[in-house]
Every structure is written in C-alpha cells, then in structure tokens.
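**Q** any chance you can model this:
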Amino acid sequence: MSICTVRNFMLITLLSFITVGCSVVPEDLKTADLLMETSPDSALYILQHLSPRFLKSASNRAYYGLLLVRALDKNILPLKPDTLLDFSLNYYMLHSENEPLGNCYLYKARMYKYSLHYEKAMSWYLKGLDIARILKNDVLSGRIYLDLGDIYTIQNDYEPARRKYRMAYVCFRKAGFQPQSFYALLNIGRTYSASKDYTKSQRYYRKLLPLAKDSLQQGALLQEVGLGYYNAQMYDSAKSYLKQAIHYPFLGYNRAVRYKYLAELYFDVDRPDSAFYYAKRTFNYNPEIRTRRDCYRILSNCVYLKNDLKAFNFYMMRYLQCSDTIRTIDAQTKSSLLESFHTVKNEAVISRKILITIILIFTIVLFAGVLFYFHRHHLHKEEKHQLVQSHLNQKAASRKEVIHKHGDTLHRMMDEARSKQSLMRKKASLAEKERMDRILYDEFLHLNELDFFYHEMDILLNNLTSKLRTRYPALTTKEISWCCLYLLRVPSTDIYLLLDYKVGSLIKMKQRLAQKIGVEGVALIYDFLNELLLE
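**A** Numbering: from 1, shown residues only. I've put the predicted structure just below:
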C-alpha cells in the first residue's frame, strides 16, 4: 500500500468519525468537493458510501448528484445514473443557481459526447458556455472549449478545433490549471498531425517538451510524437516513441491507441505476428469504436495471410459492424454548424432585448429630461464632466497598473530563466546567448506565432492589436509587435534582438510609425497607445 493510499485512508477514517459524531451530512459533501481535484478516488469513496436517506433537503440531493457525476468523470467511469444529474440540473435551473447549473450542463453534454451523440452534446455544451461567459468562469469555459475542440477534431473540422483549443489554453492559463493548459496545446499539435501537416505538428511537439511536468503528460507527448512519425511513414522513429509511451501511465483511451498504432506499424513493415499481438492487446484497454474498427481490420488481414478463413470471417464481421456504427455517427450534423445556429439565435435574442431596453430607457430619460432640464442642466453638466474625467483617470491608472504588473512578471520570468541558464551562458558566445533569449521569449510570448501572440496581447491590452490592424492597415507586423513589447516595457536591447533591428533602423521604424498613425513626433507614440488602451 502506497503512502498516498494510506494517507487517503486515514483522512477518510478521520472524517467518518467526525461525521458520525455530529451527523452533519453537508460536511461530507463539502469534504468530497474539497478532495475532488487532488484525490478524486477518495471523493468518490465518500459519495458512494453516503446513504441517500440522510440527504433530506432538495438542495443537498442536487449537490450530491453533481458531485457524484464529477467524481465519476474524474475517475474515468461511466456517468451513471443520469437521473441524479437530471435532478440536480432541474433544481439549479429552477433556483437560478448559475454556477452549479453551468457544471450540470457540462456533464450532461459529456454523457452524450461519451456515447458519441454529438448533436445532443453540442446543445448542452453551448448552454454551459453561455453561462460560463456570463460568470466569466475560466475553468468551466476552458473545459467546454477543450471538449468542443475534441468533437471538431473527430469531425475533421481542424481550424475551428484549433481555435477552441487555443481558447481553452488561454482560460486554463488564466486559471492556473497547468495540466489542462498543456493538454490544450498538445491537442493543437494533434490537429496538425490529423490534417497531415506533419512538419508543423512535430515542431509543435518539440516546443511542448519542456512543458510536460509529469509522467502522464510526458507519455501523452511521446504518444503524439510517435503517431506523427507513423503518419509520416517514418516507422523506426514511430516504433521507438510508441514503445516508450507504452510504459508511461495513461488516461482514457491512450493505452489502447498506443497498442493500435504499434499493430498498424508492424503490419505495414510485414510483421503480421507482432501486428496480431498488439491488435489483440488493444482490447484490454477499453478502446473507443474507431480504434476497435481499425484493430478488427488488422486482425482480419493477419489471419487472412495465414489462410484462417473462420477467424477472418469473425473479425471481418466485427469490422463491418463497427464501420456501420461509425457511418451513423459521422452522419450527424457538423458541430460547427450547430454552434453557428446557436450564436445567431443568441444574437437575435440579445438584439431584441437591447432594442426593448433602449426604447424603455429613452422614454424614461426623455420624460425625466423634460421635468428637470431647466433646474438641473448646468449642475448636471459640471458633475458629468468631473465624473467622466475621474473615471478616465481611474481607468487609465488601472490599465497601466495591470500592464506594468504583466511587464514585471515577464521581466521576472526572464530573469529566473536566465539565472537557471547561468552556467551555460558563461560559456556561451554572444550569438548563442541571443539564441537562448529568443527561445525564452518565444516560450513566454509566442512571438513566433503571430496570431496566438496577437490574441494574447488583445486580451491584455484591450484589443490593441485588433485596433491597430483595423484602423491603420499600413502598419507592418513588426511595428505592431513593437507597440506591444514597448507597452510591456521589454528592454530596447531585447527588442533589437526579437525584431531583428539595429539602433538606427529601430529609430527609423519609430519615425515611420509616427507618420502612419498621424502623430507629430516619436515622443507622442506612447500617449497615442495609451489613448487606444482606454477606448
């Protein structure tokens, strides 16, 4: 028995004595909730050994149902019975408790996703996403975006899948969820591999290598690198990575996928016995239906080569059954289309509400204005001016403080990273040091992926890059990047390196930038950028 297991057992035993002594059932639910992220097996143990007869209130039963389905999902178990989740969902909907309701929508959607009913799953995901946006709940948003990216990838909609994974990464990174943010980036690499852009996928995986923090993440990364090499028909490299990945821990279908691709690989290199062995082993790890279909195809081919017609007929029948099921799944409406319909519907509802609100406000304001115009006109005008000025000053100070904090964080991260490389840097040449600095900045800012960099800068700098590109189309990518780096207070020496400028050329670039944005002199660029931040 491991130390972790003993510790969890002692914790559960202690909690059991406490709850028996005071008979406060909600404390058991709260304890399970607290253990959910760190020890989901312990949380599930508490919930499964909690007698439902003690859950007297509807709120406790709703809380219990949501916790149980969360624990089952964390432990990769079937989300059953769904009647408990339906009770929770109806309760939170009736009482307008949006935070737990959004999570109910998430797990209701996952029930359908796991059963491959993507059209029904999309309906619940989109409802959950609406609530997550209202609450500005990054964790819930990230989980939904991650699942949507999975569905889009399955349906071969790779570009929207990448967008969802990037949104998930941003949400998880803001929430401080490292494992989830890692898997979001890993899945982006998977979309490149699935779309046969193997060069980009392998380059993406290499960049992720230092971000893999534990054996689960390392195993998942080795698996994807191996699959990329297999798809590129680089069989020796693929076999090396996939065999390494087998010995790493796994989540969900990953172990089955690793065995299946080894079976594919060995069949492709004319080793049917090994292919048969790995294809059979795949079924020990609960493969999903597409993996099962591919394994039945491999098994059929292997026994056919041995002229075993009985076994061939058996495996071929299984293969055809899986193929029929997959055709039914693939015939479902594209999820991206369902999301577009949902967005249009929401926009129509919002527009109608806005119109009604505007009419109502206009009527009230007009009536009030007629009554109080002469009495309050001058005083109101002065007060409004003062309030607007105060608000602008506060907003400017707040925005500058946030940007300065991010700039300080970036400087600190760079200093820490450089400190860790101090031994290497002492021996490195100037060119090598510059290369190391480029790599660090790419890791922290992703300057080598402009769309991703601009997306993060828009979040931080109030859509600055979008405003610049829309209003001043003559600006170059380097000029826009310089504006972002300048506001983040990146040292000029580093800007020379990142944008490949010399001192003289950078000065000329600033002069051209000032002309393009219509300010008189380089010194006024900073004021211009600050005004854009406040819009």
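**Q** where exactly do the helices run in the stretch 351-500 of the chain?
**A** Using DSSP state H, counting those that start in this stretch, the helices of the stretch 351-500 of the chain run over residues 422-427, 430-445, 450-460, 464-471, 477-487, 492-499.
**Q** now do the fifth one against helix 464-471, angle only.
**A** It stands for helix 477-487. With axes from the mean of the first three to the mean of the last three Cα atoms, to 10 degrees as the basis, helix 477-487 and helix 464-471 are set at 140 degrees to each other.
**Q** helix 477-487 versus helix 430-445: what angle between them?
**A** Helix 477-487 and helix 430-445 are oriented at 80 degrees to each other (the same axes, to 10 degrees).
**Q** pLDDT of helix 477-487, averaged?
**A** Across helix 477-487, the average pLDDT comes to 87.
**Q** give the buried residues for it.
**A** Within helix 477-487, the residues that count as buried by 16 or more other Cβ atoms under 10 Å are 478-485, 487. Where you see a C-beta, it was placed from the backbone N, CA and C, and this is true even at glycine.
**Q** kindly reformat those residues as CSV containing distance to Ile144.
**A** Supplementary listing: the buried residues of helix 477-487 in CSV, determined by distance: Cβ to Cβ, whole Å:
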residue, distance to Ile144
Lys478, 36
Glu479, 36
Ile480, 31
Ser481, 31
Trp482, 36
Cys483, 33
Cys484, 29
Leu485, 33
Leu487, 31
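**Q** report the separation between the spatially most central residue of the chain and Leu447.
**A** When the chain is reduced to its mean C-alpha position, the nearest residue by Cα atoms, centre = their mean turns out to be Ala168, at 2.0 Å. Counting by Cβ to Cβ, to the nearest Å, the separation of Ala168 from Leu447 is 21 Å.
**Q** for Asp324, which of the helices of the stretch 351-500 of the chain is the nearest?
**A** helix 450-460 (40.1 Å; Cβ to Cβ).
**Q** the closest one to helix 464-471, inter-axis angle?
**A** On the basis of the same axes, to 10 degrees, helix 450-460 is oriented at 110 degrees to helix 464-471.
**Q** buried residues, helix 450-460. List them.
**A** 452-457, 460.
**Q** again, but for stretch 265-275
**A** Judged by neighbour count using 16+ other Cβ under 10 Å, the buried positions of stretch 265-275 are 265-267, 272, 275.
**Q** of those residues, closest to Lys420?
**A** The shortest distance between Lys420 and any of those, using Cβ to Cβ, involves Leu265 and amounts to 37.9 Å.
**Q** could you export the helices of the stretch 351-500 of the chain as CSV, including distance to Asp28?
**A** Formatted as CSV, the entries for these read as follows, by distance: least, Cβ to Cβ, whole Å:
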stretch, distance to Asp28
helix 422-427, 51
helix 430-445, 43
helix 450-460, 40
helix 464-471, 49
helix 477-487, 50
helix 492-499, 54
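**Q** Met111: which of the ones you listed is closest?
**A** With respect to Met111, and counting by Cβ to Cβ, the nearest of those is helix 450-460 at 31.6 Å.
**Q** can you pull out the low-pLDDT segments for this protein?
**A** Counting by pLDDT under 70, the chain shows low-confidence ranges at 1-26, 51-54, 345-351, 355, 378, 383, 385-393, 395-399.
**Q** got the domain boundaries for it?
**A** The record assigns the chain these domain ranges, following automatic domain parsing: 1-136, 399-415+428-535.
**Q** format the ones you listed as TSV; extra columns: distance to Phe374.
**A** What follows is the domains of the chain, written out as TSV (distance: least, Cβ to Cβ, whole Å):
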stretch	distance to Phe374
domain 1-136	41
domain 399-415+428-535	34
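**Q** please identify the deepest-packed of these.
**A** Burial among the domains of the chain, expressed as mean neighbours by mean count of other Cβ atoms under 10 Å, is greatest for domain 1-136, which shows a mean of 17.
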